[in-house]
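1. Okay, sequence plus prediction incoming.
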Amino acid sequence: MVLGLIPARYASTRLPGKPLVDLGGISMIERVVRQAQQAHLDRVVVATDDARILAHVRGFGGEAVLTRPDHHSGTDRLYEAFQQLGSPAEVRAIINIQGDEPFVHPAQINALVDFFTDERTAPDIATLVTPVRSAEELFSPHLPKVVLNQRQEALYFSRHPLPYQRGRAPAEWLAHHRYLRHLGLYAYRPGVLARLTQLPVSALEAAESLEQLRWLEAGYAIRCAETELDAFGIDTPEDVARARQQLAAGG
């Protein structure tokens, strides 16, 4: 079984209650659930900290569990949800789908599911990357960049462009190197997810505010699948307006 879990918090500094934001007559969290249900997942469950989101998801026929409100990360919330579901022994992979990405594509989820088809070659952790397409993306601290080794495993994630190009002006970087940025979908073996929640915050994680650096520092390999499909998270009222425009245009 492959389990899709969607963490969805009500509290947000810039956009309180954002899972319930209306996007073209459908809430953001319902859009995420419907997209996930089209992927090769055996079960899709929302993990939320708020009774309003819980009731809303169940109201449109989705499955949800109520988790503690004091988790420090979505990873911790996911693991509590997995435990509430009884930690099914037949689950071979858990896919972490961001609750604030209503345009997540089923093919992006499937790219991670495919890593776990054969348990003998399945990674401990997997995630998605996509090419950087503009200087705005390259230099945005809100879009983490990543560099890979020859086995398509992450070497490092950063909010700064990676790599730095010595001897070239930053305006020329994109023309001379193929940059990758990280998309926030993850997949884990269940036992690995359990161990990740026991790791303390690391120095690199604290510096960059990127949880995946904690895992790299602890010695875990993160396999990466590349996708040409884009995605963007919704964090601000401006993001909501952009999403509504995209929907109105048929996106």
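-> Sure, I can see it.

2. mind exporting the helix or strand where A107 lies as CSV, just the C-alpha atoms?
-> Here A107 sits within helix 106-113, counting by DSSP states H and E. The C-alpha atoms that make up helix 106-113 are tabulated as CSV, following Å, rounded to 0.1, in the frame of the first residue of the first chain:
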residue,chain,number,x,y,z
PRO,A,106,-0.9,13.4,-10.1
ALA,A,107,2.1,12.7,-12.3
GLN,A,108,4.3,14.4,-9.8
ILE,A,109,3.0,12.2,-7.0
ASN,A,110,3.4,9.2,-9.2
ALA,A,111,7.0,10.0,-9.9
LEU,A,112,7.7,9.4,-6.2
VAL,A,113,5.4,6.4,-6.0
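
3. which residues in this structure form helices?
-> 28-37, 51-59, 74-84, 106-113, 135-139, 173-176, 190-196, 203-208, 212-217, 237-248 (DSSP state H).

4. Now mean pLDDT, mean neighbour count and distance to I94 too, for those helices, in TSV please.
-> From N, CA and C alone the C-beta is placed, and that goes for glycine too. Formatted as TSV, the helices of the chain follow (pLDDT from 0 to 100; neighbours: other CB atoms under 10 Å; distance: least, CB to CB, whole Å):
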stretch	mean pLDDT	mean neighbour count	distance to I94
helix 28-37	96	21	13
helix 51-59	97	16	18
helix 74-84	92	20	6
helix 106-113	97	21	10
helix 135-139	96	16	29
helix 173-176	97	13	35
helix 190-196	95	17	6
helix 203-208	97	14	21
helix 212-217	97	21	14
helix 237-248	86	14	27
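
5. E119 is nearest to which of these?
-> helix 190-196 (11.8 Å; CB to CB).

6. Okay, and the beta partners of L180?
-> L180 has the following beta-bridge partners by DSSP bridges: P131, V146.

7. ok, it to A126 distance?
-> 15 Å (CB to CB, to the nearest Å).

8. Of these two, which one has the most company?
-> A126 (27 against 19; other CB atoms under 10 Å).

9. doesn't C224 make contact with the more buried one?
-> Yes: in terms of CB atoms under 8 Å, A126 counts as a neighbour of C224; the distance is 7.1 Å.

10. circling back to that earlier point, quick one: the helix holding A107 to helix 28-37, angle?
-> With axes from the mean of the first three to the mean of the last three CA atoms, to 10 degrees applied, the angle from helix 106-113 to helix 28-37 works out at 60 degrees.

11. is it possible to export the helices of the chain to CSV including distance to L3?
-> Shown next, in CSV, are these (distance: least, CB to CB, whole Å):
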stretch, distance to L3
helix 28-37, 11
helix 51-59, 16
helix 74-84, 7
helix 106-113, 10
helix 135-139, 31
helix 173-176, 38
helix 190-196, 8
helix 203-208, 25
helix 212-217, 19
helix 237-248, 27
